[in-house]
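Peer 1: Dropping the sequence and predicted coords here.
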Amino acid sequence: MPSKHLFKNYVSIATTKLRKDALAIMEAGLRAIETRSAVHRIISLKGDVLKIGQKNYKLNTYRRIFVVGIGKAALECAMALEEILGDRIADGIILDVKKGKLKHMKSIAGTHPFPGYENVRATGEIVGLLKAVESQDLVIAIVSGGGSALLCWPYQMECNDIAAITKVLMDKGATIREMNTVRKHISEIQGGQFVRLAYPATIAGLIFSDVPGDDLSMVASGPTFLDTSTAKDAKLILEKYTVLTTCKMPSCSLIETPKDPSFFEKVTNTCVVSNSVATKAMMLEAKALGYKPVLYSNDLQGEAQEKGKMLAELVKPGEVLIAGGETTVQVRGNGMGGRNQEFVLGALGAIEDGALVMSCASDGIDHSPVAGAFADLEVKGKAKLLKLKPEAFLAKNDSFAFFQKTKTFLDTGVTGMNISDLMMAIRTKK
């Protein structure tokens, strides 16, 4: 990367050795999952043989190569694919949260975390492309986090209905598995339906995992995977969170996803990168800095503020406790901020002398313009001086405002990467 530090506000926040160490460990994790580098690690072209992971594709056996990309790592991945394949790419559509310059593909920016009509229009173009491919074509599908909202082709409802259902599930603390199970069954392109549209073309899925436990079939609601969930499962989740009542919707039509394995015989999905890559790099950096690294979990889930407090209480002197995952926030107020900032704010009361807690969204967008935050004893003192009551900010889900006042937010900008969130608690030796 061109800049020395990934954090734009590094100079203003790296004011102690503990902070510098914590930032170095987090940066190591983020650098390890940088999209273009990850693509070049896993994909190579020698002559007419394209190698993706362990699978070889003899390009002279395909008539055309198309690329369809969705999610917050799609644009950067597409740029890397152009570096590898160049003029061999016949056409493609890349739907990301940002636009970029591509030579062989169309770049479109959509809305996130809620789908807008821009997403529907772009998805319509993707549907048109997939329906036009033939049996001798190769479709490279880039699937990354954020794709559930970006790829929007509603089944018997409007785009704003999808947005309303998504918001209720998010506000009520539904897990990503629950949310994406519903999304699969209110869409005509997710839950393996992407494959049905492109059948019988060959599909090479490039998956950037942002889900806890790396269940790749849940990334972006699994457009290239045979779905094991059912419309009945989705119905039960809608009932559990009283979604239709809250949305004031009389009913919700659910579609069953394709269950015929023959649709998927020419589909190979490869995980390009996941949070385990990042947490491994974080552990190596922590060890190099003289700490004892401990991997708490690559599948951390649960209420954000509770998990933040837990990590703060568990870390021992001389340790760095590292985790990757996706916590949830039950929205009770109308403040701003995401699960990473709420995670750290929840930890604040349990932070002791010589300790620090940090949490960062790998995409750089924690439901706000920042990636996350960190807190140490100095932040506790500053909050007291400014008469900031963490519990009041938590009650309003206004963690963004709290860390703007303490100036200990993490600013990376939109990174073009997307795995699960990265969290850590670090403590100096006594």
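Peer 2: Alright, I've got the coordinates.
Peer 1: now the helices: where do they sit in the stretch 251-400 of the chain?
Peer 2: All helices of the stretch 251-400 of the chain, identified by DSSP state H, counting those that start in this stretch, fall at 275-288, 304-314, 339-347, 377-385, 390-395, 399-406.
Peer 1: right, and the ones you listed - which one's nearest Gly325?
Peer 2: Smallest distance to Gly325 across these (Cβ to Cβ): 7.2 Å, for helix 275-288. Any C-beta I mention is one placed from the backbone N, CA and C, and that applies to glycine too.
Peer 1: pLDDT below threshold where in this protein?
Peer 2: Along the chain, the model assigns pLDDT under 70 to residues 1-3.
Peer 1: Mind doing that once more with 80?
Peer 2: 1-3, 212-213, 430 (pLDDT under 80).
Peer 1: Distance of Lys430 relative to Pro261?
Peer 2: Distance, Lys430 to Pro261, using Cβ to Cβ, to the nearest Å: 58 Å.
Peer 1: Kindly report the same for Asn340.
Peer 2: In terms of Cβ to Cβ, Asn340 sits 39 Å off from Pro261.
Peer 1: of the two, who's got more company?
Peer 2: When Asn340 and Pro261 are compared for neighbours, Asn340 comes out ahead with 34 against 8, by other Cβ atoms under 10 Å.
Peer 1: The more buried one - nearest residue in space that isn't next to it in sequence?
Peer 2: Once flanking residues are discounted, Asn340 sits nearest to Gly372: 3.5 Å by Cβ to Cβ, 6 or more residues apart in numbering.
Peer 1: which residues touch the one you found?
Peer 2: 338, 340-341, 343-344, 358-361, 366, 409-410, 421 (Cβ atoms under 8 Å, 6 or more residues apart in numbering).
Peer 1: follow-up on the earlier one: looking at the helices of the stretch 251-400 of the chain, which is closest to Asp96?
Peer 2: Short answer: helix 275-288, nearest of those by Cβ to Cβ, at 20.1 Å.
Peer 1: Give me the buried positions along that closest one.
Peer 2: Under the neighbour-count criterion of 16 or more other Cβ atoms under 10 Å, helix 275-288 has 275-283, 285-286 buried.
Peer 1: For the residue nearest to Asn340, list each beta-bridge partner.
Peer 2: Cys360, Leu410 (DSSP bridges).
Peer 1: quick thing: my sequence starts at 204, can you match it?
Peer 2: All right, first residue 204 from here; so that's Gly575.
Peer 1: and it, how far is that from Gln393?
Peer 2: Shown here: Gly575 relative to Gln393, a distance of 28 Å by Cβ to Cβ.
Peer 1: can you check Glu361 too?
Peer 2: Applying Cβ to Cβ, the value for Glu361 to Gln393 is 17 Å.
Peer 1: more crowded one of these two?
Peer 2: Gln393 (28 against 11).
Peer 1: Enumerate every residue touching Leu278.
Peer 2: Applying Cβ under 8 Å, 6+ apart to Leu278 gives the contacts 272, 297, 299, 301-303, 305, 310, 619.
Peer 1: Apply 6 Å and report the result again.
Peer 2: 297, 299, 303 (Cβ atoms under 6 Å, 6 or more residues apart in numbering).
Peer 1: Check which helix or strand the nearest residue to the last one once chain neighbours are set aside maps to.
Peer 2: Meaning Gly303. Spatial nearest neighbour of Gly303, chain neighbours left out: Leu278 (4.7 Å); criterion: Cβ to Cβ, 6+ apart. Assessed by DSSP states H and E, Leu278 sits inside helix 277-288.
Peer 1: I'd like the next helix or strand past that helix.
Peer 2: The helix or strand immediately downstream of helix 277-288 is strand 292-299, counting by DSSP H and E.
Peer 1: which residues are contacting that following strand?
Peer 2: With Cβ under 6 Å, 6+ apart as the test, strand 292-299 has contacts from 267-273, 277-278, 281, 307-311, 313, 325, 328-329, 332, 353.
Peer 1: Which parts of the stretch 254-403 of the chain are strands?
Peer 2: Along the stretch 254-403 of the chain, counting by DSSP state E, counting those that start in this stretch, strands occupy 258-261, 267-273, 292-299, 309-312, 340-347.
Peer 1: send the alpha carbons of the fourth one over as PDB?
Peer 2: By that I understand strand 309-312. Provided in PDB are the C-alpha atoms of strand 309-312 (Å, rounded to 0.1, in the frame of the first residue of the first chain):
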ATOM      1  CA  LYS A 309     -18.600  -2.000 -16.200                       C
ATOM      2  CA  SER A 310     -18.300  -0.600 -12.700                       C
ATOM      3  CA  ILE A 311     -21.400   0.400 -10.800                       C
ATOM      4  CA  ALA A 312     -21.800   1.800  -7.300                       C
END
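Peer 1: if we look at it, which residues are touching it?
Peer 2: Contact with strand 309-312 is made by 296-298, 301-303, 325, as judged by Cβ under 6 Å, 6+ apart.
Peer 1: Show me what the helix or strand hosting Met229 is packed up against.
Peer 2: Counting by DSSP H and E, the element that carries Met229 is helix 220-235. In terms of contacts (3 or more Cβ pairs under 6 Å, 6 or more residues apart in numbering; DSSP states H and E), helix 220-235 is packed against helix 478-491, strand 558-563.
Peer 1: Put together CSV for these, with distance to Lys608 on each row.
Peer 2: Output for the helices and strands packed on helix 220-235, formatted as CSV (distance: least, Cβ to Cβ, whole Å):
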stretch, distance to Lys608
helix 478-491, 28
strand 558-563, 18
